[in-house]
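below are the sequence and a predicted model; questions follow.
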Amino acid sequence: MNSVRCWFLFLLAGLILFFIMAAHMATFHLSHFFGIHEPLSYDSVMARSQQALFLIFYLIGLSAAVYHGLYGFRRILMELSLGRSLEKLVTAGLCVAGSVMVLVGMAATVMAFLQ
Amino acid sequence: MKIKVKVSRFDPDKSPERYFSEYELEVSEGMTVLDGLIWLKENADPTISFRYSCRMGVCGSCAMMINSYPHLACHTQILEITKSVLVLEPLCNHANVRDLICDFSAFFEKHRTIKPHLLREDAEKLDLTGEISQTPQELESYLQFSYCIKCGICVAACPTCATDKEYLGPQALAQAYRYTQDSRDAGGDKRIEAAAEGHGIHHCHYAGACSEACPKGVDPAFAIQLFRKQMVLRSLGLKETRPPAGEMPPMTLNPKPNIPKPPEPTIK
């Protein structure tokens, strides 16, 4: 049943990313409608990062993107029929890589929020 | 009308290479590919090897690539496919052993993995001559998927099977759903475990090529989607596992007085 739950989480992460990417695109490309003309300037990025709503938005988005991306990548690798032991190694390696990515991303997001 | 028939030839005892033999065939209205092949074997080249049995789309033996698409040879009329060149090859994604013949052992091994039979804890106590009750609605929920004739066409059409040799394939997965959905069965969890682990159901790419190619209208892609839904609901505890349907009580008949009794059974 674990593999079923992992796959369901993959779908859920995809659904979350759909909304988060829409919000992300709106923030960066439609922000001039809200009076922000340089959404990528240091001041704009820091102003956004210090809002609690954006903190939650980035943390969820980061976790969903890393999980969805690495699960999909793992599925592509599995289709190469690597053999059971190598498959386990790939899964473990991707779990470690994903955890590191999420931790580094979360640390950066939280530090920007606390500044 | 005369057409050219190109038949893929392969004999591992003579050469590891595949090659094509070309023949001319007089085609008439309604002539199937299998009819054409039988004519060629009887009149042009007796060494062409192919499998067939029922000649009416029931046994699934004569599946092959016909002009690069998997079909049943007995179910495909030549003039519906071509009026010039007919190319016959063995099924894709199956091991070719001779000319148009494929080895189905891996296919049936995968089929066996998903336990394609009713699983019940009380199986030994059941009266084998009795009946298990099932409503027409319960039958309808899996009936379409029980029409599978195991011809291997869905596997030949599947792009995932082409890249992942360990993938269970649409046939086995559709049958896993068919038996899990059967109200007489109680082995859903075991089947889900077999279908979800390793190179199982999650490797399906939603291409739908299996359903498009299936000559019996089984729609394995739909079964895979329904099975996935059932798996997720079960894993989240949102679908209760039901007990298997029980045995019907023996029918009590009141025979009319003048009808003689049947003889005693000869085998006790």
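Here it is on my side, so go on.

quick one: residue B:254 is in a strand?
No. Under DSSP: H, G, I helix; E, B strand; the rest coil, residue B:254 falls outside any strand and is assigned coil.

longest helix in chain A, please.
helix A:84-114 (DSSP state H).

so how far is it from its chain's centroid?
Averaging C-alpha positions (CA atoms, centre = their mean, to the nearest Å) puts helix A:84-114 11 Å from its chain's average.

close to chain B: what parts of chain A are there?
Within chain A, the positions near chain B by CB under 8 Å from any CB of the partner chain are A:1, A:3-5, A:7-8, A:75, A:78-79, A:81. For every residue, glycine as well, the C-beta is placed using N, CA and C.

contacts only, for residue 50.
Unless you meant another one, I'm taking chain A. A:112-113, A:115 (CB atoms under 8 Å, 6 or more residues apart in numbering or on different chains).

not quite, go with chain B.
Counting by CB under 8 Å, 6+ apart, the residues that residue B:50 touches are B:37, B:41, B:62, B:64, B:73, B:99-101.

buried members of those residues into PyMOL, please.
Buried residues among these (16 or more other CB atoms under 10 Å in any protein chain shown), as a PyMOL selection:
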select buried, chain B and resi 37+62+64+73+99+100+101
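
now do the lowest-mean-pLDDT helix or strand in chain A: which elements does it pack against?
Every helix and strand in chain A was compared by mean pLDDT, DSSP states H and E; the lowest is helix A:42-49, with a mean of 85. Helix A:42-49 sits against helix A:52-78, helix A:84-114, with contacts defined as 3 or more CB pairs under 8 Å, 6 or more residues apart in numbering or on different chains; DSSP states H and E.

deepest-packed of the ones you listed, please.
helix A:52-78 (a mean of 17; mean count of other CB atoms under 10 Å in any protein chain shown).

which one in chain A is furthest away from the centre?
residue A:83 (29.1 Å; CA atoms, centre = their mean).

any idea how far residue A:7 is from it?
22 Å (CB to CB, to the nearest Å).

just to revisit the earlier point, show me which of the contacts of residue A:50 is closest to residue B:140.
Ranked by distance to residue B:140 (CB to CB), the contacts of residue A:50 are led by residue A:113 at 55.8 Å.

might one say that the closest one is in contact with residue A:47?
No. At 11.5 Å, residue A:113 does not count as touching residue A:47 under the criterion of CB atoms under 8 Å.

mind checking pLDDT for residue 22?
In the absence of a named chain, chain A is used. Here, the pLDDT recorded for residue A:22 equals 91.

the intended chain is chain B.
pLDDT, read off for residue B:22, is 97.

so who does residue 79 touch?
Using chain A. By CB under 8 Å, 6+ apart, the neighbours of residue A:79 are B:160, B:163-164, B:167, B:203.

to clarify, I was referring to chain B.
B:1, B:27, B:29, B:31.

what does chain B put close to chain A?
Counting by CB under 8 Å from any CB, chain B sits next to chain A at B:160, B:163-167, B:192-193, B:196-197, B:199-200, B:202-203, B:228, B:231-232, B:234-236.

please indicate which of the residues you listed are buried?
Counted by 16+ other CB under 10 Å, these give B:160, B:164, B:166-167, B:192-193, B:196-197, B:199-200, B:202-203, B:228, B:231-232, B:234-235 as buried.

my guess is residue B:263 is in a helix, correct?
No. Under three-state DSSP, residue B:263 sits outside any helix and is assigned coil.

now residue 31. Nearest residue, chain neighbours left out?
Picked chain A for this. residue A:39 (4.4 Å; CB to CB, 6 or more residues apart in numbering or on different chains).

hmm, I had chain B in mind actually
Nearest one to residue B:31, counting by CB to CB, 6+ apart, is residue B:78 at 5.4 Å.

do you know how far that neighbour is from residue B:91?
Following CB to CB, the distance that separates residue B:78 from residue B:91 is 19 Å.

with residue B:230 instead?
From residue B:230 to residue B:91 the distance is 30 Å (CB to CB).

look at these two and report which has more neighbours.
The neighbour comparison of residue B:230 against residue B:91 (other CB atoms under 10 Å in any protein chain shown) goes to residue B:91, with 23 against 17.

any idea how far the more buried one is from residue B:130?
In terms of CB to CB, residue B:91 sits 40 Å off from residue B:130.

then residue B:123?
Residue B:123 is 12 Å from residue B:130, by CB to CB.

try residue B:242
In terms of CB to CB, residue B:242 sits 20 Å off from residue B:130.

got it, and residue B:36?
For residue B:36, the distance to residue B:130 - CB to CB - is 48 Å.

who has more neighbours, these two?
Using other CB under 10 Å as the criterion, residue B:36 and residue B:130 rank with residue B:36 on top: 24 against 11.

sorry, back to before: most neighbours out of the residues of chain A next to chain B, which is it?
residue A:4 (24 neighbours).

pull the contacting residues for that one.
B:192, B:196, B:231-232, B:234-235.

please identify the buried residues of stretch A:40-48?
For stretch A:40-48, by 16+ other CB under 10 Å, it's A:44, A:48.

er, stretch B:245-259 actually
residue B:245.

hmm, who's touching that stretch?
Residues contacting stretch B:245-259 (CB under 8 Å, 6+ apart): B:126-127, B:130-134, B:138, B:183-184.

ends of that stretch, what's the gap?
34 Å (CA to CA, to the nearest Å).

average pLDDT for it?
Averaging pLDDT residue by residue across stretch B:245-259 gives 76.
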